[in-house]
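Peer 1: sequence plus the predicted model coming up.
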Amino acid sequence: MTQTIVKASQRIDLEKIQKKKINLVVFGHGNVGALLIDQIIASRGEIIRRKNIELNIFAIANSQKLLLTRDNFSEDWRTVKCENENSYSIEDITNFAKRFNLDNLIAIDNTANSEFVKIYPYLIENGFNVVSSNKIANTTELSFYKDLRKKLKDHGKEYLYETNVGAGLPLVDTIKLLHLSGENITRIKGVFSGSLSYLFNEFSAKDELFSTVLKKAIDKGFTEPDPREDLCGNDVGRKLLILARELDLHNEIDDVKIENLIPLSLRLVPKTEFFNSLNDFDVPFHIKRKNQKKDHVLRYVGELRGDLSKNDGAILDVRLLSVPKNSMLGQLKGSDSIFEIYTESYGKNPIVIQGAGAGAAVTARGVFGDILRLSDKLN
Ligand SMILES: NC(=O)C1=CN([C@@H]2O[C@H](COP(=O)(O)OP(=O)(O)OC[C@H]3O[C@@H](n4cnc5c(N)ncnc54)[C@H](O)[C@@H]3O)[C@@H](O)[C@H]2O)C=CC1
Ligand SMILES: N[C@@H](CC=O)C(=O)O
């Protein structure tokens, strides 16, 4: 009734008042972070129109510099001059948010930094929710993992990290919901790494050198900032651990049995020497490819199994396997990951989630999805 007597100009003001403003700080603007900022800025108008939610990026930071603005950053954010060219402290951001009464705060961690996650508790205490593509907070000691959840609960904040496993694929949420709803997950198996999927899919299908395909995977942005994290199996090990913890299993990273793919001679050398010696991979992997049975291909496979009803009953391992070319794992292409989720109700036929498991664009989209999911929950 009141709506009908409001004039058009007043109605616009009313819409403004009702618009929900979400204030974002983005940490890390490398491959994933930079694309995320671009995606948010490009979709901003559409999200206001469709959802009446305004996504306002007020801070962008890397390890050295911080950009702050009272008006949202726009397409030219890369060329914005930094007020303070010196190093910054995290308090510069929390104080800025307080000074300008910014609420509905979300801190987004697109770094791969193990030290940075120690700031999460401080951010939460200062009113921030957290979204992260960085896997470290979920894979350091279980005590940190549990303390973080307690901190979130005490302060009524949320932490979303869908991209931690399977990049943009809806995996973490699916596992979480199945588990929460009482479904008994008995086993999860698959190719968890987009970069290693690409590497072995291409290497198995073509007659190329391992080092040639590896360079392509790095150039395509599929690998971790330090590709040795993929090749030594740590990244897949972390993903398995994240899923195990979603199932309330009490595992640590050392519980994951990992087959390291890096030749012994390159495991302890400095990064530059490693990059100059990628040819060292060629002979051992040529032999592995050649020694397979007919119509078999190489796949780097992660598996979580065991007695998952006991919180210390899981067996977690990551191995290089030779599988039939026409099997589900053998048919993978490109940088696709595949996750087979076996549960009591689904019996012998697993739920299968498959699709691009790495790449900056799909990962940024996944982080964006978490931001929107969280924005819906905030007032
Ligand atoms: N590339 C992919 O397909 C996927 C990546 N991820 C995760 O996304 C994250 C980002 O990956 P990329 O963008 O490829 O890495 P990147 O190396 O291109 O970018 C990382 C950025 O973080 C910044 N940074 C480092 N320490 C920082 C600190 N203390 N404070 C603020 N900024 C800091 C660096 O300056 C850099 O700008 C990683 O944690 C990775 O595991 C997750 C899923 C898929
Ligand atoms: N390096 C990772 C990227 C996503 O987590 C992978 O290859 O899967």
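Peer 2: It's in. Ligands and ions are numbered 1, 2, ... in the order given.
Peer 1: only C-alpha atoms from now on, for both contacts and neighbour counts.
Peer 2: Noted.
Peer 1: what residues does the chain have near ligand 1?
Peer 2: Neighbours of ligand 1 within the chain, by C-alpha under 6 Å from any ligand atom: 27-33, 61-63, 110-113, 116, 133-135, 163-164, 167, 221-225, 358-360, 363.
Peer 1: just the buried ones from those?
Peer 2: In the residues of the chain next to ligand 1, burial by neighbour count holds for 27-29, 31-33, 61-62, 110-113, 133-135, 163-164, 167, 221-224, 358-360, 363, counting by 16 or more other C-alpha atoms under 10 Å.
Peer 1: just the ones of those in helices?
Peer 2: 31, 32, 33, 360, 363 (DSSP state H).
Peer 1: ok, the residue nearest to the second one when sequence neighbours are not counted to residue 51 distance?
Peer 2: In space, not counting the residues next to it along the chain, residue 32 is nearest to residue 360; the distance is 4.7 Å by C-alpha to C-alpha, 6 or more residues apart in numbering. Using C-alpha to C-alpha, to the nearest Å, residue 360 is found at 26 Å from residue 51.
Peer 1: can you check residue 208 too?
Peer 2: To residue 51, residue 208 is 49 Å away according to C-alpha to C-alpha.
Peer 1: quick revisit: out of the residues of the chain next to ligand 1, which sit inside strands?
Peer 2: Among these, the members found in strands (DSSP state E) are 27, 61.
Peer 1: contacting ligand 2 as well, which ones from the residues of the chain next to ligand 1?
Peer 2: Contacts with ligand 2 within those, counted by C-alpha under 6 Å from any ligand atom: 164, 167, 222, 223, 224, 358.
Peer 1: can I get those residues in JSON lines with pLDDT and distance to residue 128?
Peer 2: Below are these laid out as JSON lines (pLDDT from 0 to 100; distance: C-alpha to C-alpha, whole Å):
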{"residue": "164", "pLDDT": "98", "distance to residue 128": "20"}
{"residue": "167", "pLDDT": "97", "distance to residue 128": "23"}
{"residue": "222", "pLDDT": "96", "distance to residue 128": "29"}
{"residue": "223", "pLDDT": "96", "distance to residue 128": "29"}
{"residue": "224", "pLDDT": "95", "distance to residue 128": "26"}
{"residue": "358", "pLDDT": "96", "distance to residue 128": "27"}
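Peer 1: go through the residues you listed and say which is closest to ligand 1.
Peer 2: Nearest to ligand 1 out of those is residue 358 (C-alpha to the nearest ligand atom; 3.3 Å).
Peer 1: wait, what's in contact with the closest one?
Peer 2: Contacts for residue 358 (C-alpha atoms under 8 Å, 6 or more residues apart in numbering) come out as 166, 167, 168, 193, 194, 195, 221, 222, 223, 335, 336.
Peer 1: and with 6 Å instead?
Peer 2: The neighbours of residue 358, taking C-alpha atoms under 6 Å, 6 or more residues apart in numbering as the test, are 167, 194, 222.
Peer 1: quick check on it: phi, psi?
Peer 2: In terms of degrees, to the nearest 10, the main-chain angles of residue 358 are phi -160, psi 160.
Peer 1: what residues does the closest residue to it other than its chain neighbours make contact with?
Peer 2: Distances taken as C-alpha to C-alpha, 6+ apart put residue 194 closest to residue 358, at 4.5 Å, once the chain neighbours are dropped. Contacts here follow C-alpha under 6 Å, 6+ apart; on that basis residue 194 touches 335, 336, 337, 357, 358.
Peer 1: kindly report the same for residue 259.
Peer 2: By C-alpha under 6 Å, 6+ apart, residue 259 lies in contact with residue 319.
Peer 1: repeat that for 10 Å
Peer 2: Contacts for residue 259 (C-alpha atoms under 10 Å, 6 or more residues apart in numbering) come out as 231, 232, 233, 234, 237, 300, 301, 317, 318, 319, 320.
Peer 1: which pLDDT value goes with it?
Peer 2: Looking at residue 259, its pLDDT is 98.
Peer 1: distance of it relative to ligand 2?
Peer 2: 16 Å (C-alpha to the nearest ligand atom, to the nearest Å).
Peer 1: next up, phi/psi of that residue, please.
Peer 2: Dihedral angles for residue 259 - degrees, to the nearest 10 - are phi -90, psi 110.
Peer 1: most neighbours, which of the contacts of residue 194?
Peer 2: Within the contacts of residue 194, neighbour counts (other C-alpha atoms under 10 Å) peak at residue 358, which reaches 30 neighbours.
Peer 1: can I assume residue 57 sits in a strand?
Peer 2: Yes. With DSSP: H, G, I helix; E, B strand; the rest coil as the criterion, residue 57 is located in a strand.
Peer 1: check contacts around the residue nearest to residue 55 when sequence neighbours are not counted.
Peer 2: Nearest residue to residue 55 in three dimensions, chain neighbours excluded: residue 22, at 5.1 Å (C-alpha to C-alpha, 6+ apart). Residue 22 makes contacts with 53-58, 102-106, 371-372, 374-376, 378-379, as judged by C-alpha under 10 Å, 6+ apart.
Peer 1: which among those residues count as buried?
Peer 2: Buried by 16+ other C-alpha under 10 Å: 53-58, 102-106, 371-372, 374-375, 378, out of the contacts of residue 22.
Peer 1: mind checking which of these land in strands?
Peer 2: Those of those lying in strands (DSSP E): 53, 54, 55, 56, 57, 58, 105, 106.
Peer 1: for those residues, which two are the farthest from each other?
Peer 2: Across those, the longest distance by C-alpha to C-alpha is 15.3 Å; it joins 53 and 58.
Peer 1: remind me which residues of the stretch 1-150 of the chain are low pLDDT?
Peer 2: 1-17, 82-86 (pLDDT under 70).
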